[in-house]
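**Student:** mind folding the following:
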Amino acid sequence: MVRRPNNRNIVMIFRALSLDSRLRIVQLLSQRSLCVGAISNLLGMSSGAVSQHLRVLKDAGLVRAERRGYFIHYTVVPDAAARCQAAIESLLGSKKGDKQCDMKTKCQKPKELKGKPEK
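**Tutor:** Numbering: from 1, shown residues only. Okay, here's the model as predicted:
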C-alpha cells in the first residue's frame, strides 16, 4: 500500500514526468530493465543526458538501479503506477467536486459580481 504523498513528493513525481524524454524512458523501463547505454541508443540521446534523467526519476521514487557486473540496469519500481495515482488523488481529491463553498460571508452575491454578463 502506498502512503499518501506529501507536497514535496507530489512535486517530485510531476517534475519527473514533465519532460517527454523522461516519459519515453519510463515507457522503455516499464517493458524491461536497461542500462544507460541501451537507453541512449534507443532514444538517440547522449548517455550523460540519460543519466541525468534517470537521476530525477530515481529521486522521485519511480525508477531503481541494480548493479549487474560493470553495468547498472534501471527498471521502473513495482509501485510506480500506485505512487502516481496517489499523487494525483492527493492533489485533486478522489471525490468529484460535489462540495460547494460554505464561506457565505465572503462570497459575492450575484448582483455584486464583476463582469456580470448583460442580458
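**Student:** pLDDT weak spots in this structure?
**Tutor:** Residue ranges of the chain with pLDDT under 70: 1-3, 94-119.
**Student:** rerun that using 80 as the cut-off
**Tutor:** 1-5, 91, 93-119 (pLDDT under 80).
**Student:** do a quick rundown of the strands in it.
**Tutor:** Secondary structure of the chain (DSSP state E): strands at 34-35, 63-68, 71-76.
**Student:** the second one pairs with which strands?
**Tutor:** In the sheet, strand 63-68 lines up against strand 71-76 (antiparallel) (DSSP bridges).
**Student:** pull the number of nearby residues for the nearest residue to residue 77 once chain neighbours are set aside.
**Tutor:** Distances taken as C-beta to C-beta, 6 or more residues apart in numbering place residue 64 nearest to residue 77, at 5.2 Å, with adjacent residues excluded. To be clear about C-beta, it is placed using only N, CA and C from the backbone, and glycine gets the same treatment. Neighbours of residue 64 under the rule other C-beta atoms under 10 Å: 16.
**Student:** list the backbone torsions phi and psi for residue 46.
**Tutor:** In this entry, residue 46 is assigned phi and psi values of phi -70, psi 150 (degrees, to the nearest 10).
**Student:** what sits opposite the residue nearest to residue 77 in the beta ladder?
**Tutor:** Beta-bridge partners recorded for residue 64 (DSSP bridges): residue 75.
**Student:** quote the end-to-end distance of stretch 63-79.
**Tutor:** Start-to-end span of stretch 63-79 (C-alpha to C-alpha, to the nearest Å) is 10 Å.
**Student:** nope, stretch 30-37 is what I meant
**Tutor:** Stretch 30-37: ends 17 Å apart by C-alpha to C-alpha.
**Student:** and residue 27, how far is that from residue 17?
**Tutor:** Per C-beta to C-beta, to the nearest Å, residue 27 is found 11 Å from residue 17.
**Student:** returning to that earlier point: distance of the residue nearest to residue 77 relative to residue 91?
**Tutor:** As for residue 64, its distance to residue 91 is 24 Å (criterion: C-beta to C-beta).
**Student:** what does residue 5 give?
**Tutor:** Distance from residue 5 to residue 91, by C-beta to C-beta: 9 Å.
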